[in-house]
Each structure stands twice: as structure tokens, then as C-alpha cells.
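In: The following block contains a protein sequence and its predicted model.
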Amino acid sequence: MFAIPFRAVFAYLIFQTFGFAQTDGMASIIGGRYVPLYGQDTSLVEVQDFELDTYPVTNGQFLQFLKDNPKWQKSNVLKLYADENYLRQFKNDTTLNDTENPNSPVTHVSWFAAKAYCECQGKRLPTIDEWEYVAMADEVTGDARKKASYNQKILSWYETPRSDERSIGQTPKNYWGVYDLHGLVWEWTLDFNSVLISGESRKDVDKDSNLFCGSAAIGATDLMNYAAFMRYAFRGSIKARYSIKNLGFRCAKNSKETL
Amino acid sequence: MKPYLVVLIISLALAACKNHDSGTVVKDVAYHCPMQCEGNKTYGQKGSCPICKMDLVKVENKRKEKAIRPYSDMSIYNLPSTWTTQNGTDIQLKDLQGDVLVMVMIYTSCKAACPRLVADMRNIEERLPEHSKKNVKMIFVSIDPETDTPERLKAFAQENLMDGEPWLFLRSTEENTREFAAVLSVSYKEISPMDFSHSNIISVFDPNGEMIFQQEGLGVNSDNTIEHINAAVEAM
């Protein structure tokens, strides 16, 4: 075992240090400023450079994670971390139902499980601001929110049933080289619980100032972006242990340069 | 072994998947002499007293009866995060096991809702019967760990005459705070470096760390909250 030549080890260490500038399966996102749907009315949100998984995590990938981390298997998972719908597409701890496509995005995962998966890969979940920043692109433009076709496509997907059963990578690659942000499933974000709107989404203008301190400062800045409005409303309505049929995730990580 | 191999092995070990499994925690076990030859001195291993040679006896944990009970899947004592108190002590939530916990998430520089939440907490505590008070901890968890250092929490506790039992102030990392908020279904968002928007929710946990009640809103009637606290204390 002592036969490993010094040069090979040296090369490995160099790779450790510099080789991860872009990780396999991740797209490099160049940061920028934009006005998200929700946020402080007047100011821009700044997103730092980061990397985002090109595809959502699949059933097959999640299965491997379950094999490596038995405590996240459905018979072992703490109820604190996942509700009773957790991994409903699994026959047992490590077998998918026969009807399930291993190449479909994994769903029925709680926020805790998604977060643990990413941490296990040395990654993290993207923040809402990061996710929305990449998701406002279409195939050719970084910010396509003003285009009618952009909104129309997303909304028509929202009307399509059972889109979570499709395979990943079938939708067109966006401006950043990322697939499936729209078209298959909705995705967990690290700070999904930073959305402060009351239970009833129609009440977003009439803030429940008793439940939320400072809620008057938060409101929709671009109601034209109805699809984004739906996403924020959805995030505001879910809890971290929920496991939902059309909610999956992908991971992100900081760019090496920003570390 | 050649030094570079050591570096390689360490670096490979670090590259492996971080395992969060806490497993069974082996608590420090201490032994003391039944004759107390050296006063309250305890020893790390079984054996005999160096003075009188009597067999050493295991020191019993005073709160054993409460502390040893296993907690369920839904207990917040499963959370592995470490929290720092206003006194600079690091604790895990499971260290609080055995008391009824009343928790609220605030930040000390808050001018709007938090003073009212503090008042609500004080009001709840004042209305508890004496025998309940001894078994209840009233806990503030900071959503702004960057500003709310232990020193800051200490000052806030003193200003509000809450520096002592049953009051406790906690802070952790941003990540642990986000996770804890997720467990409590509390939403919060930084609006500016000095200002947060957050849900006003007071949560009650039974001695095993399971959430039994949440009071939502500001200045609401606390009767129901107090009933739940008292019931949980009675059931102990």
C-alpha cells in the first residue's frame, strides 16, 4: 500500500484544490442583481456566483443516498423530519415501486431529507433568491420575465397533470445550461420558510400584521409574473416535513472563488 | 509512514460523506467514594478509593428519572444542533429534557412585534401556578444570530429582568436557526441588516420535546396556552 507514487498523490491534492472550479453535473451561474417577486419593494436582491445542479435529483440518485444513509429510509426516518407521505413511491426502504421511473425527479421528499441529501454531496439547497434568479431565464435570455411566451409556457405546465412522472432533461436547456426548472416538479429551497404571506394567498395585499411582524414591508413587486406568485404562495403554505407528489429538489453550492 | 500518505488519508477521509448520525451518546460516567474521603471528588473509572480502599460507587444523576426516558420521533431533542445561552454555555436541546418548554423566536433589536412577544411570554409566566413554574422553561431563540451574540442576549435578559430561571436565551448558527424555525413552522426573512419579518408564534413542548400547542399572533388571549402548559406539567 506504500507503493502510491508521490507524484500521483501530489496530482490528487492539486485536483482537490483547484479541480473543483466546476463540478460535474453543475452549471456555473454568474451572480447579479434583480428584483424578485417578493422582497423589499425598492431594492434589488444580489445573488453571488454559485453552482446549480443541471438536473433535479432523480429517484435513482435518491435511492443510492438511501442505501448509503439508512436513517433516511422510510421505515427509519424520524417523524420530526418527514410526514407519512415520505417516499410513497417506494415499495420498501430500498426499492422503488415497479411503476416508478428511476430517471424521474424524486418527489415525496421532505425539506429535511432534501437538505441532508445535498449536505451529503458536499452541497446545499439553493436559496429562493438563487433559484428564482436562474428560473427567470428562458433558452436565450437571462431575464425573460417580461416575455409573454415565458409566462405562458410555465403556466401551461402548471396546468399539466402528472408532469412529475416524466424523465429529467426533456425540457429545453435554459440560458445557464440548466434543465427542468419549469416543466417537471416544483423544488425545495433552503429558505422556503422566509416567505411571509398569510394562509390565504388572496390576502397578500391585506397583511395579517398580527401574525407577521413587519409584514407591511413585504409584498409582490411584479404581479405580472403570476407563475412566480404561485411558487411563492406555495412555499408560504408548506411545512418542512411535508412530502408532496410534485415537489422535488436539486442542490447548489458556492462558487470556489467566493469561498 | 510517509507524511504525504497521512495527508492523503486525511484528505480522503474528509472527502467522504459527512455522517450526521449521532448514534448513542455515551454520557460521562463518574464514580465517587461512599465515605467521601476526598470530599466531593469524583473518579473517571471504577475501582477503589485511594484513601479508604472502599469500592467506588457510580454517581447517580439527580435528574435521572426525568432524563432517562427515551423521546419519540417527533421530539425536538432529536435535533443535533448546538446552541449557546446568554451565559455563553453551549447546550443541545436534549439537555433541556424534563421540563415543559415554552419557546418563541425573536431578535433583540426588533422594535415592532418582539417587545409585545416578550410581554406575552412574561404574561404567560406570571399566570402560571407556583408548582408549574418550577417545571417550565421560558425560552427565547434568536433569529438574528449575527447581531445577537451571547453578550447581547445577556444584556437583553438583564434589561427585561429575565436573567435567571425560568428564562433562557439561545442562539446558534444561521443554518441551525433556519432548521429550528422549520421545525416550529416559523417563517422569517431578513428585510435589512437591522430588520426581520417573522411569524409571531409561541410554541409549547412537553417534557419529551414534543410540540403540544402553538399560540399564533400578538397579544392574543393566553388562556389556552396556559392550560396546555399546566396539563403538561400535571402529566409529568
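Out: Yep, it's here.

In: May I have the phi/psi pair for A:Phe62?
Out: Dihedral angles phi and psi of A:Phe62 (degrees, to the nearest 10) take the values phi -70, psi -30.

In: so what's it up against?
Out: Counting by CB atoms under 8 Å, 6 or more residues apart in numbering or on different chains, A:Phe62 makes contact with A:Val106, A:Val109, A:Tyr117. Where C-beta positions appear, they are placed from N, C-alpha and C, glycine not excepted.

In: Quickly note the distance from it to chain B.
Out: Using CB to the nearest CB, to the nearest Å, we find A:Phe62 at a distance of 14 Å from chain B.

In: shaky segments in the stretch 101-250 of chain A?
Out: Scanning the stretch 101-250 of chain A for pLDDT under 70 picks out A:197-225.

In: In it, what residue spans correspond to helices?
Out: A:111-120, A:128-135, A:148-158, A:226-237 (DSSP state H, counting those that start in this stretch).

In: To chain B, which of those helices lies closest?
Out: Among the helices of the stretch 101-250 of chain A, helix A:111-120 comes nearest to chain B, with 4.7 Å by CB to the nearest CB.

In: What residues sit buried inside stretch A:79-94?
Out: A:Leu80, A:Tyr81, A:Ala82, A:Asn85, A:Tyr86, A:Leu87, A:Gln89, A:Phe90, A:Asp93 (16 or more other CB atoms under 10 Å in any protein chain shown).

In: phi, psi of the residue found closest to the third one once you drop the neighbours it is linked to in the chain?
Out: When you say that, I think you mean A:Ala82. In space, and not counting its chain neighbours, A:Ala82 is closest to A:Ser110: 4.1 Å by CB to CB, 6 or more residues apart in numbering or on different chains. Main-chain dihedrals, A:Ser110, degrees, to the nearest 10: phi -80, psi 170.

In: ok so, going back, export the buried residues of stretch A:79-94 to TSV and append columns for pLDDT.
Out: Shown next, in TSV, are the buried residues of stretch A:79-94 (pLDDT from 0 to 100):
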residue	pLDDT
A:Leu80	94
A:Tyr81	95
A:Ala82	96
A:Asn85	96
A:Tyr86	97
A:Leu87	96
A:Gln89	95
A:Phe90	95
A:Asp93	95
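
In: Taking these, tell me the two that lie furthest apart.
Out: A:Leu80 and A:Gln89 (21.7 Å; CB to CB).

In: on that earlier part again, a markdown table for the helices of the stretch 101-250 of chain A, including distance to chain B and mean neighbour count?
Out: Shown next, in a markdown table, are those (distance: least, CB to the nearest CB, whole Å; neighbours: other CB atoms under 10 Å in any protein chain shown):
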| stretch | distance to chain B | mean neighbour count |
| --- | --- | --- |
| helix A:111-120 | 5 | 22 |
| helix A:128-135 | 9 | 23 |
| helix A:148-158 | 23 | 15 |
| helix A:226-237 | 7 | 19 |
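
In: Any chance of JSON lines for the ones you listed, columns distance to B:Glu130?
Out: As requested, the helices of the stretch 101-250 of chain A are exported to JSON lines (distance: least, CB to CB, whole Å):
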{"stretch": "helix A:111-120", "distance to B:Glu130": "39"}
{"stretch": "helix A:128-135", "distance to B:Glu130": "46"}
{"stretch": "helix A:148-158", "distance to B:Glu130": "57"}
{"stretch": "helix A:226-237", "distance to B:Glu130": "41"}
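
In: Any chance you could spot the residue sitting in the middle of chain B?
Out: The centroid of chain B falls nearest to B:Leu93 when counting by CA atoms, centre = their mean (3.5 Å).

In: was I right about it contacting B:Pro80?
Out: No - counting by CB atoms under 8 Å, B:Leu93 does not reach B:Pro80; the two are 9.1 Å apart.

In: And B:Gly209, how close does it get to chain A?
Out: Look at B:Gly209 and chain A: by CB to the nearest CB, they are 9 Å apart.

In: Read off the pLDDT value for that residue.
Out: On pLDDT, B:Gly209 comes in at 94.

In: That one: neighbouring residues, count only.
Out: B:Gly209 has 21 neighbours, counted by other CB atoms under 10 Å in any protein chain shown.

In: Make sure B:Ala155 is indeed in a helix.
Out: Yes - checked against DSSP: H, G, I helix; E, B strand; the rest coil, B:Ala155 lies within a helix.

In: burial measure for it, as a count.
Out: 14.

In: for A:Leu125, same thing?
Out: A:Leu125 - counted by other CB under 10 Å - has 23 other residues nearby.

In: which residues touch B:Asn123?
Out: Taking CB under 8 Å, 6+ apart, one finds B:Ser222 in contact with B:Asn123.

In: Give me the three-state assignment for it.
Out: Per three-state DSSP, B:Asn123 ends up helix.
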